[in-house]
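K.L.:
I'd like to go over a predicted model; first the sequence, then the structure.
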Amino acid sequence: MTLTELANPTRFLSLATRILPWLAIVTGVLLAIGLYQSAMAPDDYQQGATVKIMFIHVPNAWLSMFVWGVMSVASLGTLVWRHPLADVAAKAAAPIGAAFTFLALVTGSLWGRPMWGTYWEWDARLTSVLILFLMYLGLIALWRAVEDPSRAARAAAVLTLVGAINIPIIKFSVDWWNTLHQPASVMKMGGSSLDKSFLIPLLVMAVAFSLLFITLHLAAMRNEILRRRLRTLQMLQASKPVALP
């Protein structure tokens with residue numbers, strides 16, 4: 001099925017209805033496997049058992065940036081390609097991305113306390129991720145504040161593309177500035193520096209959380225399409241002349 005065919009909301013709803021149950025099952029199984037492997041992973045010789053926060057923190061941190069990337073592509077679809085479902089995809093992704101970013105901040109603070117001696121430090125990585133979280137909240141507020149969906153979609157698309165500047169700042173902040181946050185250890189030149197006992201559970205959790213995003217995103221898009229159809233029906237009903245007795 002092509003993107004052109006998926007531009008039809010009815011076809012998209014039909015596809016989402018068919019694949020969502022299977023996606024949910026696969027996601028649940030992978031999450032269970034990942035959580036079990038994470039629990040069975042050995043303690044780190046320096047960090048002890050607190051290193052296991054990594055298995056939740058890192059996937060959420062990755063997805064906080066990835067979801068904004070998805071929204072940026074959807075914003076181009078709104079402004080350039082006029083794809084009918086582009087703004088639906090962006091609007092549905094924003095609350096999910098905000099949740100991932102919030103979890104990344106919380107788990108990062110919990111991990112940072114025993115390692116750095118503080119829950120929070122205004123360094124480049126932490127501050128830029130906090131800014132990302134605030135941008136998610138700003139987009140959600142914008143969609144709710146503007147009554148006309150088409151106007152809200154265009155304004156949110158512009159804000160999303162401007163905010164995409166923050167993504168490389170987050171990614172490379174540990175290389176550009178001196179920060180408390182450790183540099184990349186999973187995806188880097190020369191291969192991962194993580195031992196397999198940590199790397200395998202981490203990758204399983206990353207795939208599981210990615211599938212969780214896809215599942216939640218498709219469900220949210222489906223709900224948004226149905227919400228807009230209901231709104232259209234309500235407006236048509238309100239516009240009908242009232243028959244006098």
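P.N.:
Alright, I've got the coordinates.

K.L.:
can you list the low-confidence ranges for this protein?
P.N.:
Scanning the chain for pLDDT under 70 picks out 1-7, 177-193, 240-245.

K.L.:
backbone phi and psi for the residue nearest to the spatial centre of it, please?
P.N.:
Nearest to the mean C-alpha position of the chain, by CA atoms, centre = their mean, lies residue 97 at 3.0 Å. The phi and psi torsions at residue 97 (degrees, to the nearest 10) take the values phi -60, psi -40.

K.L.:
let me see the contact set for it.
P.N.:
Contacts for residue 97 (CB atoms under 8 Å, 6 or more residues apart in numbering) come out as 63, 64, 67, 68, 71, 136. Placement of C-beta: from N, CA and C, glycine included.

K.L.:
so the fourth one is in which element?
P.N.:
So that's residue 68. Using DSSP states H and E, residue 68 sits within helix 54-76.

K.L.:
what does stretch 25-37 contact?
P.N.:
Contact partners of stretch 25-37, identified using CB under 8 Å, 6+ apart, comprise 55, 200, 201, 204, 205, 207, 208, 209, 211, 212, 215.

K.L.:
what comes up buried for it?
P.N.:
Using 16 or more other CB atoms under 10 Å as the burial criterion, the residues of stretch 25-37 that qualify are 27, 30, 31, 34, 35, 37.

K.L.:
so how far is the helix or strand where the second one lies from its chain's centroid?
P.N.:
I take that to be residue 30. Here residue 30 is covered by helix 9-40, with elements defined by DSSP H and E. Relative to the chain's own centre, helix 9-40 is displaced by 16 Å; criterion: CA atoms, centre = their mean, to the nearest Å.

K.L.:
where is the longest helix in this protein?
P.N.:
The single longest helix within the chain, with elements called by DSSP state H, is helix 196-239.

K.L.:
so what secondary structure elements neighbour the helix or strand harbouring residue 125?
P.N.:
Secondary structure from DSSP H and E places residue 125 in helix 124-145. With contacts defined as 3 or more CB pairs under 8 Å, 6 or more residues apart in numbering; DSSP states H and E, the packing partners of helix 124-145 are helix 54-76, helix 86-116, helix 149-163, helix 166-176.

K.L.:
between the longest helix of the chain and helix 9-40, how many degrees?
P.N.:
150 degrees (axes from the mean of the first three to the mean of the last three CA atoms, to 10 degrees).

K.L.:
any idea of the angle helix 196-239 forms with helix 86-116?
P.N.:
Using the same axes, to 10 degrees, helix 196-239 lies at 140 degrees relative to helix 86-116.

K.L.:
quick one: helix 196-239 to chain centroid distance?
P.N.:
Relative to the mean C-alpha coordinate of its chain, helix 196-239 is positioned 10 Å out (CA atoms, centre = their mean).

K.L.:
what's the burial count for the nearest residue to residue 229 once chain neighbours are set aside?
P.N.:
Counting by CB to CB, 6 or more residues apart in numbering, residue 229 lies nearest to residue 9, which is 7.9 Å off, once chain neighbours are set aside. Residue 9 has 18 neighbouring residues, counting by other CB atoms under 10 Å.

K.L.:
and if you look at residue 155?
P.N.:
Using other CB under 10 Å: residue 155 sits among 16 other residues.

K.L.:
could you tell me which residues make contact with residue 63?
P.N.:
Taking CB under 8 Å, 6+ apart, we find residue 63 in contact with 97, 100, 209, 210, 213.

K.L.:
same thing but 7 Å
P.N.:
Listed by CB atoms under 7 Å, 6 or more residues apart in numbering, the contact partners of residue 63 are 100, 209, 210, 213.

K.L.:
gap between the nearest residue to it once chain neighbours are set aside and residue 136?
P.N.:
Once flanking residues are discounted, residue 63 sits nearest to residue 100: 4.3 Å by CB to CB, 6+ apart. Separation of residue 100 from residue 136 (CB to CB, to the nearest Å) stands at 9 Å.
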